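>>> make a model of this:
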Amino acid sequence: MQKNDSAKRLLLLVMSFLGVLFLTAVYSYTWLMVYHQRLMFNIKFTFWGHVLIIFIYFLLLLFLNFTYGGMKIGYLKMMDIIFSQIFSLICVNLVTYLQYSLMEVKLVWSSGIIRMTLVQIVISVLWNYICNRMYLKVFPPRELLLVYGDRPTEDILCKFASRPDKFRITESVHINLGLQELYRRIASSHKAVVLWDIPTDIRNELFKFCYSRSIRVYMMPKITDVLIKGSDQLHLFDTPILLSREYPLKLEQRIAKRMIDLFCAVVLLLISAPIQIVTAICIKVYDKGPVLYKQTRCTTGGREFQIMKFRSMRVDAEKDGVARLAAKHDERITPVGKVIRAVRIDELPQLFNIIKGEMSFIGPRPERPEIIRRYMEEMPEFALRTKVKAGLAGYAQVYGKYNTTPYDKLKLDLSYIENYSLWLDIKLMLLTLKILFKPESTEGIEDSQTTAMKEEKEKKDVPPNANM
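Numbering: from 1, shown residues only. Below you'll find the predicted structure:
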């Protein structure tokens, strides 16, 4: 099984690498036969000069593909990989156009870059289709055994069912069968097991059983698992110990983070100024209401501040004073609001919050105090996400969606807090650019989705004698 997994990883790596080489070959032709021939550069290129400029393009494309997931053939859905590669291509080709313009000391004609990009997109789509078909033939879906407890399994079953090319849950068993029967079921015919939110003592026994028999385990982490993962490993003589710090970010990390926040916020504020002016005019013209929407949110240590956003809902969206998360197809959202929410323009005024030091560029999204209180009725651990400054974008926004459950958002935010690094912030900034173009990241709460807010509403709607 280990040899099979190694062969799979090697095959995926080779296929991904070849894809980048094909795209670089198209660039090489465009550079050598089009731009280098027709432009009067002030620089004379030797053979190694051509090699260097092509190699720089290759490295930049490879880096962005790794960052945005364009190299994850077999792991992500084919359309996600294609989207990631196209986004990477557009970014690299824009940089390339600016590079040519700088060398020519004027804006060069762009038709060659545009034609090159279109050819590369066609090659990317075809190559990923071929690789995906090859992957499905060589590596059939992995059959899984789901071991669950008292928590409903519909959510996790739907998520695994969304990837029929990779997973197939063939059997689901409850932990009340007992450890011996679970051992027998696992060992009989399954090579992979899903441990879905079961008591820690039972989970640990099952995990050790699977590990000792080289059975793959997909385990849903608990809050403490996420916290432990971020611990430092030390040794007390010959005894290994784990250190969990009381302050997630070190002093030098906080200073570096603040400097990056100020620089990025000021630069983006200058770049986005025309967009913000047009947005403000559109909002004002539509219904004559206020342009900005201020709302109380919580940041480090639960400290409250006034967050600023472009108003995307009707003026009377919460006229009853009750805080509500935006629902899918929410009628309170104005036509202008639908547009600015789709591309996240409504978030731009928060750059002023960052400059004032109330928010960071990357961090857990700030929640309203009343929503935090309601979440904490079921999840007291929800307060742990306020150990760091709230952010304009965050781990949960990049790897989750607007309608990700509060419990999963909490685990994502804690993963960021406990594994913080300067590179992680930079990576999340780059990934934030990608999710701006993915509409599912701004979807509202489904009517059937369970959240702390929804449960609270259901309790209020139940008549006094409903359970009698």
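>>> okay, now the domains of this protein?
When the chain is parsed into structural domains using automatic domain parsing, the resulting residue ranges are 2-138, 142-220, 251-460.
>>> nearest spatial neighbour of residue 372, skipping sequence neighbours?
With sequence-adjacent residues excluded and distances taken as Cβ to Cβ, 6 or more residues apart in numbering, residue 372 is closest to residue 298, at 6.0 Å. Backbone N, C-alpha and C define where each C-beta goes, glycine included.
>>> any idea how far residue 58 is from residue 25?
When distance is defined by Cβ to Cβ, to the nearest Å, residue 25 is 10 Å away from residue 58.
>>> same question for residue 291.
Looking at residue 291 against residue 58, where the rule is Cβ to Cβ, the gap reads 45 Å.
>>> and whichever helix or strand residue 412 is part of, what does it pack onto?
When secondary structure is defined using DSSP states H and E, the element that contains residue 412 is helix 406-418. Helices and strands in packing contact with helix 406-418 are listed as helix 223-229, helix 395-399; criterion 3 or more Cβ pairs under 8 Å, 6 or more residues apart in numbering; DSSP states H and E.
>>> quick one, strands of this protein?
Chain-ordered strands for the chain, with DSSP state E as the definition, fall at 142-148, 167-174, 192-196, 216-219, 232-236, 239-243, 292-298, 304-310, 360-362, 391-393.
>>> re the thing from before, neighbour count winner among residue 25 and residue 58?
A count of neighbours by other Cβ atoms under 10 Å puts residue 58 above the other of residue 25 and residue 58, at 18 against 14.
>>> can you pull out the low-pLDDT segments for the stretch 301-450 of the chain?
317-329, 402-403, 438-450 (pLDDT under 70).
>>> swap that for the stretch 151-300 of the chain, please
In the stretch 151-300 of the chain, residues with pLDDT under 70: 247.
>>> same thing but 80
Low-confidence segments of the stretch 151-300 of the chain, defined by pLDDT under 80, are located at 189-190, 245-249.
>>> which residues of it fall in helices?
If DSSP state H, counting those that start in this stretch is used as the criterion, the helices of the stretch 151-300 of the chain fall at 154-161, 179-189, 200-212, 223-229, 251-287.
>>> got the buried residues for stretch 162-176?
Buried positions in stretch 162-176, judged by neighbour count with 16 or more other Cβ atoms under 10 Å: 166, 167, 169, 175.
>>> and residue 367, what are its phi and psi?
Residue 367 has phi and psi values of phi -110, psi 160 when expressed as degrees, to the nearest 10.
>>> that one and residue 181: what is the separation?
Counting by Cβ to Cβ - residue 367 and residue 181 are separated by 43 Å.
>>> and the two? which has more neighbours close in?
Here residue 367 and residue 181 are set side by side on neighbour count (other Cβ under 10 Å), and the busier one is residue 367, at 22 against 12.
>>> quick check: the more buried one vs residue 21, distance?
46 Å.
>>> got any ranges where the stretch 1-150 of the chain has weak pLDDT?
Applying pLDDT under 80 to the predicted model, the residue ranges of the stretch 1-150 of the chain that meet it are 1-9, 37-45, 74.
>>> helices along that one, start to end?
All helices of the stretch 1-150 of the chain, identified by DSSP H, counting those that start in this stretch, fall at 2-30, 36-38, 47-68, 78-104, 111-138.
>>> out of the ones you listed, nearest to residue 431?
helix 47-68 (6.8 Å; Cβ to Cβ).
>>> quick check, nearest of the buried residues of stretch 162-176 to residue 123?
Of all the buried residues of stretch 162-176, the one sitting nearest residue 123 is residue 166; the distance, using Cβ to Cβ, is 24.9 Å.
>>> I figured that closest one hits residue 144, correct?
No: counting by Cβ atoms under 8 Å, residue 166 does not reach residue 144; the two are 9.9 Å apart.
>>> got the helices of the stretch 151-300 of the chain as JSON lines, with distance to residue 434 columns?
Written out in JSON lines, the entries for the helices of the stretch 151-300 of the chain read as follows (distance: least, Cβ to Cβ, whole Å):
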{"stretch": "helix 154-161", "distance to residue 434": "21"}
{"stretch": "helix 179-189", "distance to residue 434": "38"}
{"stretch": "helix 200-212", "distance to residue 434": "34"}
{"stretch": "helix 223-229", "distance to residue 434": "24"}
{"stretch": "helix 251-287", "distance to residue 434": "16"}
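>>> right, and these - which one's nearest residue 374?
Each of the helices of the stretch 151-300 of the chain was checked against residue 374 via Cβ to Cβ, and the shortest separation belongs to helix 223-229, namely 18.1 Å.
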